[in-house]
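J.: My questions concern the predicted model and sequence given below.
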Amino acid sequence: MAIPVEPPPPALPASALGEPPQGRRTARIGRRPRMRVAAALIAGLAGVALLAAGIVQTTGGLAGTAIASVGPGASRVPGSSPLAASVVPSIAPSPSTAPSPSPSPAVLPGASGGPTLAELEAAALRARLQATLDRVRARLAIPGVSVTILFPDGSSWTGVSGLADIATLTPVKPTTAFAFASMSKTFTSALILQLVAEGRLHLADSAATLLPALKKPIDRRITVAMLLDHTSGLQDYFLNPKIDKPLQADPTRAWTTDQALAYTLKPYFAPGRGWHYSNTNYLLLGLIAERLTGEPLAVAIRTRLLEPSGLAATWYQAAEKPRAPLAHGYRLPGVKLTVKPIDLADGSGVAPFRSVVTAAAGAGSVAGTSGDLARWARRLYSGEVLGPEGTAVFLGGFAATAPYHPSVAYGYGVQAAVIDGHASFGHSGRLLGFRGAVRHFPVDGVTIAVLTNQSRADPGAIVRALLPIAAPIVPPCAMCNVAR
């Protein structure tokens with residue numbers, strides 16, 4: 001069965017960062033009873049997830065949270081399409097039918113220095129994951145992809161497929177880096193929440209008061225919390241059609257934050273009266289972090305987050321040199337799998353090119369490997385980065401956005417979704433030439449990071465194809481409850 005390919009979003013500037021427009025999200029209390037019931041049911045699952053992660057001590061930690069269920073006919077992650085739901089189970093062999101290597105009857109596992117049964121099972125698991133990754137990449141016509149999966153026992157698997165540079169036939173390697181795009185927001189959010197924990201900032205603080213030098217002032221009612229969860233109403237500057245031409249006219253030019261903010265148009269709605277994904281929010285959060293720390297955002301992210309987390313192959317592109325070989329980003333002009341990819345690399349060592357990355361700043365300037373991204377997500381969502389109290393605030397920020405029914409539950413720089421029965425926290429990312437997704441499944445103890453060098457196909461398809469292999473749901477034993 002052919003997998004449909006996501007069409008490019010209509011009326012989007014080619015330079016748009018992050019997620020396609022979601023439209024105005026306003027409260028419609030009392031008009032969606034089915035949605036409210038579903039939200040209440042899934043909120044309980046989120047509570048279970050937090051309990052499993054040891055973040056909260058009672059199941060009331062996420063009361064009122066609505067978590068989208070990603071699957072056929074369900075809500076979609078901002079910027080994604082029903083493509084993820086179209087990945088049929090046949091892409092990955094089911095645990096009950098997948099072939100597994102059997103040791104020779106003459107040589108038992110582990111005998112005479114041979115591989116143990118655990119080693120044989122691990123090898124079979126890696127082979128199934130790699131075969132599935134190759135198959136899905138080919139069906140989606142993705143130039144190159146890197147995936148890292150962290151397992152509950154601390155082991156990991158990194159699978160790569162395809163090319164990092166089509167012209168030179170350079171393959172993707174485990175050390176190949178990709179633009180994180182909007183997944184960069186997880187670093188900006190974590191930095192802001194660290195400042196909150198230190199008492200140097202409050203979620204209820206007015207962003208305008210914190211940024212008195214803005215050339216284009218913002219509504220004084222907009223709070224730090226509203227910037228974090230996209231309820232500020234601020235228009236996304238990347239969705240202004242007029243920004244596209246200057247960004248692409250000189251791709252090697254470095255943009256300032258004021259130059260980017262100048263393209264912000266009339267607000268979507270009054271502060272706190274709706275939900276709309278907007279990169280403007282995280283551009284401003286980056287400025288707030290710089291003012292309070294007294295350091296450039298790149299320095300603050302490195303010293304406070306990257307170095308303590310041991311992320312040696314991750315860097316802030318707008319200000320730092322590459323720390324790993326960087327994949328080229330490709331635009332695929334059309335929905336046909338046979339269209340010729342267009343290389344967006346400008347030769348500057350910034351992906352996809354310098355103008356759009358510097359304009360993105362705190363909203364999408366980080367790049368790195370899938371291994372680093374997976375380790376970052378594991379540390380962030382399990383509480384190691386922000387500590388128990390800070391993580392409870394971080395993962396408890398969904399209540400303010402729930403009444404506006406975003407396509408996926410969104411809190412303070414974190415998405416929550418149930419994917420085929422598995423509760424997860426994470427974030428997606430989309431930037432010209434790059435697209436990725438990272439999901440941490442606290443109940444399963446599994447983390448999956450997917451990075452690709454294209455912006456047409458939904459990486460959620462890869463997450464869903466690999467998930468049942470990495471974290472199979474064991475069916476109940478039919479004979480266990482039989483009365484004896």
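T.: Structure's in. What do you need?
J.: and the strand or helix carrying T447, how far from the chain's centre?
T.: Counting by DSSP states H and E, the element that carries T447 is strand 446-452. On the basis of Cα atoms, centre = their mean, to the nearest Å, strand 446-452 sits 9 Å off its chain's mean C-alpha point.
J.: Now do that strand: which elements does it pack against?
T.: When contacts are defined as 3 or more Cβ pairs under 8 Å, 6 or more residues apart in numbering; DSSP states H and E, strand 446-452 packs onto strand 144-150, helix 370-381, strand 434-441, helix 460-470. C-betas here are computed from N, CA, C, even on glycine.
J.: What I need now is those written out in TSV, including mean pLDDT, distance to A289 and mean neighbour count for each item.
T.: Below are those laid out as TSV (pLDDT from 0 to 100; distance: least, Cβ to Cβ, whole Å; neighbours: other Cβ atoms under 10 Å):
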stretch	mean pLDDT	distance to A289	mean neighbour count
strand 144-150	98	27	27
helix 370-381	98	16	26
strand 434-441	98	21	28
helix 460-470	98	29	25
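J.: of all the ones you listed, which lies closest to A124?
T.: helix 460-470 (10.3 Å; Cβ to Cβ).
J.: between the closest one and strand 144-150, how many degrees?
T.: Here helix 460-470 runs at an angle of 40 degrees relative to strand 144-150 (axes from the mean of the first three to the mean of the last three Cα atoms, to 10 degrees).
J.: Restricting to C-alpha, output helix 460-470 in PDB.
T.: The C-alpha coordinates for helix 460-470 follow below in PDB (Å, rounded to 0.1, in the frame of the first residue of the first chain):
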ATOM      1  CA  GLY A 460       5.600  11.300  12.800                       C
ATOM      2  CA  ALA A 461       5.200   8.500  10.300                       C
ATOM      3  CA  ILE A 462       8.600   7.200  11.300                       C
ATOM      4  CA  VAL A 463       7.900   7.600  15.000                       C
ATOM      5  CA  ARG A 464       4.700   5.500  14.600                       C
ATOM      6  CA  ALA A 465       6.400   2.900  12.500                       C
ATOM      7  CA  LEU A 466       9.200   2.300  15.000                       C
ATOM      8  CA  LEU A 467       7.200   2.700  18.200                       C
ATOM      9  CA  PRO A 468       5.500  -0.800  18.200                       C
ATOM     10  CA  ILE A 469       9.000  -2.300  17.700                       C
ATOM     11  CA  ALA A 470      10.700  -0.300  20.400                       C
END
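J.: Output the contacting helices and strands for it.
T.: helix 117-140, strand 144-150, strand 415-419, strand 434-441, strand 446-452.
J.: mind exporting stretch 344-353 as PDB, just the C-alpha atoms?
T.: Backbone C-alpha positions of stretch 344-353 (Å, rounded to 0.1, in the frame of the first residue of the first chain) are rendered in PDB as follows:
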ATOM      1  CA  LEU A 344      19.200  24.900   0.000                       C
ATOM      2  CA  ALA A 345      22.700  24.900   1.400                       C
ATOM      3  CA  ASP A 346      24.400  28.300   1.000                       C
ATOM      4  CA  GLY A 347      27.900  27.100   1.800                       C
ATOM      5  CA  SER A 348      28.100  29.000   5.100                       C
ATOM      6  CA  GLY A 349      27.800  25.900   7.400                       C
ATOM      7  CA  VAL A 350      24.400  27.000   8.600                       C
ATOM      8  CA  ALA A 351      21.400  24.900   7.800                       C
ATOM      9  CA  PRO A 352      19.300  25.500   5.800                       C
ATOM     10  CA  PHE A 353      20.900  29.000   5.300                       C
END
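J.: outside of that stretch, which residues touch it?
T.: 177-179, 251-252, 317-318, 321-322, 326-331, 354, 357-358, 367, 431-434 (Cβ atoms under 8 Å, 6 or more residues apart in numbering).
J.: Narrow those to those that are buried.
T.: Among the contacts of stretch 344-353, those scoring as buried are 177-179, 251, 317-318, 322, 326-331, 354, 357-358, 367, 431-434 (criterion: 16 or more other Cβ atoms under 10 Å).
J.: Out of these, which sit inside strands?
T.: Using DSSP state E, the subset of the buried ones among the contacts of stretch 344-353 located in strands is 178-179, 330-331, 367, 431, 434.
J.: With distance to K185 added, can I get these in a markdown table?
T.: What follows is those, written out as a markdown table (distance: Cβ to Cβ, whole Å):
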| residue | distance to K185 |
| --- | --- |
| F178 | 16 |
| A179 | 13 |
| Y330 | 23 |
| R331 | 22 |
| A367 | 14 |
| L431 | 12 |
| F434 | 14 |
